[in-house]
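need the 3D shape of this:
(chains A, B, C and D)
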2 protein chains.
Amino acid sequence: MNVDLSGMVIPADCCRPLDDDLTSDDTKATAALFKALADPTRVRIVSMLARSSEPACVCELTPALDLSQPTVSHHLKKLVQAGLLEREQRGVWAYYSLDRGALERAASVLDLKKVAV
Amino acid sequence: MNVDLSGMVIPADCCRPLDDDLTSDDTKATAALFKALADPTRVRIVSMLARSSEPACVCELTPALDLSQPTVSHHLKKLVQAGLLEREQRGVWAYYSLDRGALERAASVLDLKKVAV
DNA sequence: CCAAGAGATCGACAACCGTCGATGCCTGCC
DNA sequence: GGCAGGCATCGACGGTTGTCGATCTCTTGG
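Down below sits the predicted model:
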């Protein structure tokens, strides 16, 4: 260690090793979860489902989102694959609902209180 | 309303309107925040900074991430632009630290207790 | 003022993503 | 069984992203 003119402590050898005990799988899974939420349309879908206590079908979501039906189906599939939504077939209609536990788990990843400081 | 053979309640007119009182700016801003976290490398960076109480410089992060220096700089810039990291120049070194408030705000977006159910 | 070195920026390239129209599948009804 | 309609899948296309090597900038030490 030495001290520079401004009194700031600067390590003599700046590049000390930095550990990274998250596995590659961990980071990829976490990134995949956030990737599902990294689109304005999918944020809107999750927000609408969070606001309504009942599931919603594609024919309700499509006009509200002002997108083509294949595009809405595409986003819904992404959210289901990420584990954030659940799909339920009722007759001809496909109803989607929010998995609130999944959203809580996503929030807990960002909880700094779990990390030793 | 009518009831189908399995006793499941199905609205006669399935497609009731679905409201969406988030503005386009809201959803884009939220998506941008998650987009910053939607990459394994950036998850690793945030995780490493969350684990260490001190800021880290690029020359510490680069070998730990096993990526080229321009790539690491690129990811750091993305995280700063998202408001998740802060940059501080100390001599020749650039130190990055986590904005823990920003991470808390990100987590609060996922908090369902704020949403009327 | 010059040389050294840390880090940012640039340009390029491949991979990925959001969007659409067209089409296929599957369920309920006649 | 055949038709209608809700939804998923396909193929295509433009825009974005992650990565790198090369280069530029800026700070420090001599």
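
just say helix, strand or coil for residue A:88.
At residue A:88 the chain is in strand, as set by DSSP: H, G, I helix; E, B strand; the rest coil.

how about the residue nearest to it when sequence neighbours are not counted, phi and psi?
Beyond its immediate neighbours in the sequence, the residue positioned closest to residue A:88 (CB to CB, 6 or more residues apart in numbering or on different chains) is residue A:95, lying 4.8 Å away. The way it works is simple: take the backbone N, C-alpha and C, and place the C-beta from them, glycine included. Listed backbone geometry of residue A:95 is phi -100, psi 140, with angles given as degrees, to the nearest 10.

residue A:82: neighbouring residues, count only.
For residue A:82, the number of neighbouring residues by other CB atoms under 10 Å in any protein chain shown comes to 19.

residues in contact with it?
Under the criterion of CB atoms under 8 Å, 6 or more residues apart in numbering or on different chains, the neighbours of residue A:82 are A:32-33, A:35-37, A:102.

got JSON lines for those, with secondary structure and distance to residue B:80 too?
JSON lines is the format used below for the contacts of residue A:82 (DSSP: H, G, I helix; E, B strand; the rest coil; distance: CB to CB, whole Å):
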{"residue": "A:32", "secondary structure": "helix", "distance to residue B:80": "23"}
{"residue": "A:33", "secondary structure": "helix", "distance to residue B:80": "22"}
{"residue": "A:35", "secondary structure": "helix", "distance to residue B:80": "20"}
{"residue": "A:36", "secondary structure": "helix", "distance to residue B:80": "24"}
{"residue": "A:37", "secondary structure": "coil", "distance to residue B:80": "20"}
{"residue": "A:102", "secondary structure": "helix", "distance to residue B:80": "29"}
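
tally of neighbours for the closest residue to residue A:84 other than its chain neighbours?
Of all residues beyond its chain neighbours, the one nearest residue A:84 is residue A:102 (5.0 Å), with distances taken as CB to CB, 6+ apart. When neighbours are defined as other CB under 10 Å, residue A:102 has 18 of them.

can you give me the mean pLDDT across the helix or strand hosting residue A:70?
Assigning secondary structure by DSSP states H and E places residue A:70 in helix A:69-81. When pLDDT is averaged over helix A:69-81, the result is 98.

host element of the spatially most central residue of chain A?
In chain A, the residue lying closest to the centroid (CA atoms, centre = their mean) is residue A:34, at 3.0 Å. Using DSSP H and E, the secondary-structure element containing residue A:34 is helix A:24-36.

is the helix or strand following that helix anywhere near DNA strand C?
Following the chain from helix A:24-36 toward its C-terminal end, the next helix or strand by DSSP H and E is helix A:40-51. Yes - judged by CB under 7 Å from any atom of the strand, helix A:40-51 and DNA strand C are in contact via A:41-42.

next one: stretch A:83-90
Yes - with CB under 7 Å from any atom of the strand as the criterion, DNA strand C is reached by stretch A:83-90 at residue A:89.

so that stretch, near DNA strand D or not?
Yes - shown here: stretch A:83-90 in contact with DNA strand D (CB under 7 Å from any atom of the strand) through residue A:87.

what comes up buried for that stretch?
Buried residues in stretch A:83-90, counting neighbours by 16 or more other CB atoms under 10 Å in any protein chain shown, are found at A:83-85.
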